[in-house]
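S.K.: sequence unknown, structure follows:
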C-alpha cells in the first residue's frame, strides 16, 4: 500500500472513543502489545501501524492500520489519526522521520534522537564526541581499513552493520582478513568495527524522560545473552553499587544530551576497564519487561506518560530480586501456548505470551518472578520458561 | 437480534488465533475489560457478548459479539464460539443458563451456582439451610407479611428485590407500613425483608476455585459504601484476626458447598453479634480490583486460570496496606479522562479508567495505591480519585 487513503481504508473496526487521547505507534510487535495493556488502564487509545493482522498488538485488540513502516504514505496515515507518534522498533527510514517532523507531526522521540538507536556508527561518533565511554571503534569500507584496526586491536574483531541489526542479526565475529573481505562484499556501504572485549557482564538502564525534562531512572539490570539474544534480565544487577551509580549517571547524561522524550534504554558492557556504552534504544525495551510486575510503574505505562507529557511514575523496585526470562521458540517449532498450564505450576511465575507464530529461535514471550533472593528467583523463572518451551528436564 | 446467525454476523473483525483457547464472557463491562488485559498475558482469546461497541471491554479490544444477554439465541452464538462460558454480571435469565447447560455448554460457574448470585432469596434460603449465618429474613408478598416481620424486628426494615439489583438499586429502607404497601405495589412478586442491622463494617472475601477443587482465598477486605455503592476497598481489612479467619472459613465453606468454578465473592456484615453473609457474586468483583497491583495474582487472571482448569496463582498481598477507591462520575457529568494527568501526580497511584460515557453516579474507574500504613495509603488513593472526579478541594 502506498497512499494514506489506502491505509486509512484498512483501519480496524475497533471503535475510537470521542475525547480519548490517541497515541500512534509504528509497529505492532510485543512492545506494542504490552503498551496496549497499559493504554487500557489510562483510557488512552493506542493506534498501531501493523504489517499484519497477526501482529501481537493487533491480536491484543489495539486499534490498527495495516501498512508498511518503510512507506511515507502509511506513516502519514498513522500521523493523521493520532496525537503523538512513537515506535516499537527502529525500522523506520530516518529520512521519513525527518519528513514527518517537517510536516509538524509530534514525534516522541524526535527524528534526531531516534537516529542514535537506528545508526550504530552515528551513535558511537556522537557519544565519543561528548567524552562518553564507548568501545574503540572504526568505520571500515575497505580491507585495508579492517587490517589497520586489527593491527591495533588484534583478531578476532567484531563487525556490525551500522543500521538494521537486532537480536544478533547484523553482528559478526571476524577471525581474519579473509573473513573481513567476504563480509565487505556483503556490506558495500561499510561496517563498524570494534575489538572483542573481555566482557564481565552486560548491563542495561532505562531512563524515562518527559517533554518537560522530568525524568526517572530505573534500577540497573544485568542482561544475560545466549546466542546473541537477550535471554535473562536480573534486577537489580548483582554488581558493585559504584558501578550501578555510574551506569545510571551515564544513562541520564545521554538522555539529557539527546533530549529524549519517552524511554531510553542504554546497554553497557562491563569490563575490567570499566563500563562501555554498547547500544541505545529509544522505546520500551526487552530489558524492561521485568518492570510490569517488578516496579511501581511499568515501562509501558511510563513511556505513555512521558510522551504525553504526563507526570512520571515511581520506578521503584518492588521486590529484592526480580528475574525475567525470555521464552524462545524451541527447535521443534512447538508453540509455548500449549504449555501455559504447566508453566503456571511454578509459584509466582508471571507468564506473558506474545501470540506470535511459533518458530525456532523467535522471542515468543517472557516469564517474570519476583522474589527475595536471586538464585531461587532465577531458578523459578528459568523453570517456567523451560516448561513453556517444552525443554524442562 | 434473535438468532445465533445474526449475532455471529455482528462478530468483531479482530482476528482469532488458531490454537488459542477462547473464553466467552457474557457482558462487556469493566470486569470484562480487565479480564481482557489478563487474557492478553496468558495468550487466551476473550470473546465477550457485548450490548454495544461502546462497552468497556470492546473499547479495550476484546473480541466481541453484539447481542442481548437476555436472548437465548445470542447466548448460544457466544457458546458456539468459545471453549468455556463465564460472566461479568448477573443479568442473564437463570432459565437460559439451564438451557445452555442442557445443550452441554461448559458454564463456569454452573447455572445452579450462578443462581445464588442472581436470586437473593434463594441464596438466603440455601445458606440458612446449611446453618450459615445470614441476617434474619422473610419473604413478603403482602402488607400482612411485612407487618408480621416488623412486629418482631421493628421499623425501619430493609427490603430487597430478590432479583436484578446492584449498586444499591433494588434495595429500599422501609420506614413504616405505608411505605411497605407502596413498595409492594411495585414488587407484586414479593420482596425479601431483613432488619436494619447495626453494622460495624462491611467485609468481602474472594475465593478462587478450579474444576479440580483446588482453591485459594484472598485476604479479607473492608468495603466502604457511600450511597449504597462501594466506594473504597481496604486490604487487609482492619479487623481482628479471628474475625478475618472466620470470614475466610465461611467463604470457603460456601465455595465448596456450591461447587463454584471460578471466583466467588462473599460480602459480609460485621455486627456486634458477629458476621452475617450478605450477598454472593460468582465472577470478578469490585472488592477485588485491588488485586491487580496488590496481590501476586490478580482476580482477573485467577478467574481465567480457575475456569480453564489451570493451576491457581498465589493470592498473597504484596504490601502491608493496599487501598482501592472507585472513581464515580461527578454530578456535573464531567469526564475523569480529562483529569488523568492530575491524578498521576499522586505518587504510587495506579489509575484504571473504564472508557464509559461519563454520567453522574456511575462507576467510571478506580485507583489503587500500595503502601506501608493504612492512613496515608488511603489518603493517597482518595486524593487521586478526587482529582479524577474533579472534586479535590
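M.R.: Arrived safely, thanks for sending. Everything numeric here is computed off the predicted structure, so don't read it as measured data. Numbering: from 1, shown residues only, chains lettered A, B, ... in the order given.

S.K.: Close to chain B: what parts of the stretch 51-200 of chain A are there?
M.R.: For the stretch 51-200 of chain A, the residues in contact with chain B (CB under 8 Å from any CB of the partner chain) are A:53, A:54, A:58, A:59, A:60, A:61, A:62, A:63. Quick note: C-beta positions are derived from backbone N, CA and C, even for glycine.

S.K.: now the strands: where do they sit in the stretch 151-300 of chain A?
M.R.: Along the stretch 151-300 of chain A, counting by DSSP state E, counting those that start in this stretch, strands occupy A:157-160, A:171-174, A:191-195, A:199-209, A:215-217, A:221-226, A:229-235, A:262-271, A:274-281.

S.K.: a markdown table for these, including mean neighbour count and mean pLDDT?
M.R.: Listed next are those as a markdown table, based on neighbours: other CB atoms under 10 Å in any protein chain shown; pLDDT from 0 to 100:
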| stretch | mean neighbour count | mean pLDDT |
| --- | --- | --- |
| strand A:157-160 | 20 | 93 |
| strand A:171-174 | 18 | 92 |
| strand A:191-195 | 23 | 94 |
| strand A:199-209 | 22 | 97 |
| strand A:215-217 | 19 | 97 |
| strand A:221-226 | 19 | 95 |
| strand A:229-235 | 23 | 94 |
| strand A:262-271 | 24 | 98 |
| strand A:274-281 | 20 | 96 |
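
S.K.: coming back round to it: biggest separation within the residues of the stretch 51-200 of chain A next to chain B, which pair?
M.R.: Across these, the two members that end up farthest from each other (CB to CB) are A:54 and A:63, 16.1 Å apart.

S.K.: follow-up on the earlier one: which among the strands of the stretch 151-300 of chain A is found nearest to residue A:127?
M.R.: Taking CB to CB as the criterion, residue A:127 comes closest to strand A:274-281 out of those, the separation being 5.8 Å.

S.K.: do stretch A:232-245 and chain B meet at all?
M.R.: No: applying CB under 8 Å from any CB, one finds that stretch A:232-245 is not in contact with chain B, the shortest distance being 15.9 Å.

S.K.: Off-centre distance for that stretch?
M.R.: Once both centres are worked out by CA atoms, centre = their mean, to the nearest Å, stretch A:232-245 turns out to sit 19 Å from its chain's centre.

S.K.: what do you get for stretch A:75-95?
M.R.: Offset of stretch A:75-95 from its chain centre (CA atoms, centre = their mean): 16 Å.

S.K.: again with stretch A:385-392
M.R.: Here stretch A:385-392 shows a centroid-to-chain-centroid distance of 24 Å under the convention CA atoms, centre = their mean.

S.K.: which residues are in contact with it?
M.R.: Under the contact criterion CB atoms under 8 Å, 6 or more residues apart in numbering or on different chains, stretch A:385-392 has outside partners A:325-330, A:332, A:334, A:336, A:339-340, A:342-343, A:345-346, A:351, A:353, A:364-367, A:383, A:393.

S.K.: give me the number of residues near whatever residue of chain A ends up closest to chain B?
M.R.: Across chain A, no residue is closer to chain B than residue A:61, which sits at 1.8 Å (CB to the nearest CB). Taking other CB atoms under 10 Å in any protein chain shown as the criterion, the count of residues near residue A:61 is 30.

S.K.: Can you classify it by secondary structure?
M.R.: Judged by DSSP: H, G, I helix; E, B strand; the rest coil, the three-state class of residue A:61 is coil.

S.K.: Could you give the backbone dihedrals for it?
M.R.: phi 90, psi 10 (degrees, to the nearest 10).

S.K.: my read: it touches residue B:60, true?
M.R.: Yes: counting by CB atoms under 8 Å, residue A:61 touches residue B:60, with 6.3 Å between them.

S.K.: Report the set of residues contacting both of these two.
M.R.: When contacts are counted by CB under 8 Å, 6+ apart, the set common to residue A:61 and residue B:60 consists of residue B:36.

S.K.: circling back: how about the strands of the stretch 151-300 of chain A in a markdown table, adding distance to residue A:288?
M.R.: Compiled in a markdown table, those are given as follows (distance: least, CB to CB, whole Å):
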| stretch | distance to residue A:288 |
| --- | --- |
| strand A:157-160 | 23 |
| strand A:171-174 | 22 |
| strand A:191-195 | 25 |
| strand A:199-209 | 5 |
| strand A:215-217 | 12 |
| strand A:221-226 | 8 |
| strand A:229-235 | 8 |
| strand A:262-271 | 7 |
| strand A:274-281 | 10 |
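
S.K.: Whichever strand or helix holds residue A:364: how far from the chain's middle?
M.R.: Taking DSSP states H and E as the criterion, the element that holds residue A:364 is strand A:363-371. Taking CA atoms, centre = their mean, one finds strand A:363-371 lying 16 Å from the centre of the chain it belongs to.

S.K.: can you state the direction angle for that strand and strand A:229-235?
M.R.: With axes from the mean of the first three to the mean of the last three CA atoms, to 10 degrees as the criterion, the two stretches strand A:363-371 and strand A:229-235 enclose an angle of 20 degrees.

S.K.: hmm, back to that, which one's more surrounded, residue A:54 and residue A:63?
M.R.: Set side by side, residue A:54 and residue A:63 give different neighbour counts by other CB under 10 Å, the larger being at residue A:63 (27 against 15).

S.K.: give me the element the closest residue to that one other than its chain neighbours is part of.
M.R.: Across the structure, with CB to CB, 6 or more residues apart in numbering or on different chains as the measure, the residue nearest residue A:63 apart from its sequence neighbours is residue A:47 (4.4 Å). Secondary structure here is read from DSSP H and E; on that basis residue A:47 sits in strand A:45-50.

S.K.: average pLDDT across stretch A:24-37?
M.R.: The predicted model assigns stretch A:24-37 a mean pLDDT of 98.

S.K.: is that stretch up against chain B anywhere?
M.R.: Yes: Stretch A:24-37 comes into contact with chain B (CB under 8 Å from any CB), by way of A:33, A:36, A:37.

S.K.: can I assume the last one sits in a helix?
M.R.: Spelled out, that is residue A:37. Yes: the assignment for residue A:37 is a helix, going by three-state DSSP.

S.K.: pretty sure it is touching residue A:62, no?
M.R.: No: the pair residue A:37 and residue A:62 fails to qualify as a contact (CB under 8 Å) at a distance of 9.6 Å.

S.K.: partners of the strand holding residue A:364 in the sheet?
M.R.: Here strand A:363-371 has these sheet partners by DSSP bridges: strand A:321-328 (antiparallel), strand A:350-353 (antiparallel).

S.K.: Show the subsequent helix or strand relative to that strand.
M.R.: Next helix or strand after strand A:363-371 toward the C-terminus (DSSP H and E): helix A:374-389.

S.K.: Just want the angle from that following helix to strand A:363-371.
M.R.: Helix A:374-389 and strand A:363-371 are oriented at 150 degrees to each other (the same axes, to 10 degrees).

S.K.: More neighbours: residue A:37 and residue A:62, which one.
M.R.: Neighbours around residue A:37 and residue A:62, counted as other CB under 10 Å, are more numerous at residue A:62. The numbers are 28 against 25.

S.K.: Now for the nearest residue to that one once chain neighbours are set aside, how many residues are close by?
M.R.: Nearest in space to residue A:62, with sequence neighbours left out and distances taken as CB to CB, 6+ apart, is residue A:36 at 4.3 Å. Per other CB under 10 Å, the neighbour tally for residue A:36 reads 31.

S.K.: doesn't residue A:61 make contact with residue A:36?
M.R.: Yes: taking contacts as CB under 8 Å, residue A:36 lies within contact range of residue A:61: 6.9 Å.

S.K.: May I see the residues of the stretch 51-200 of chain A next to chain B organised as JSON lines, with pLDDT and distance to residue B:184 added?
M.R.: Formatted as JSON lines, the entries for these read as follows, by pLDDT from 0 to 100; distance: CB to CB, whole Å:
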{"residue": "A:53", "pLDDT": "96", "distance to residue B:184": "56"}
{"residue": "A:54", "pLDDT": "95", "distance to residue B:184": "59"}
{"residue": "A:58", "pLDDT": "97", "distance to residue B:184": "54"}
{"residue": "A:59", "pLDDT": "95", "distance to residue B:184": "53"}
{"residue": "A:60", "pLDDT": "96", "distance to residue B:184": "51"}
{"residue": "A:61", "pLDDT": "95", "distance to residue B:184": "47"}
{"residue": "A:62", "pLDDT": "97", "distance to residue B:184": "52"}
{"residue": "A:63", "pLDDT": "96", "distance to residue B:184": "51"}
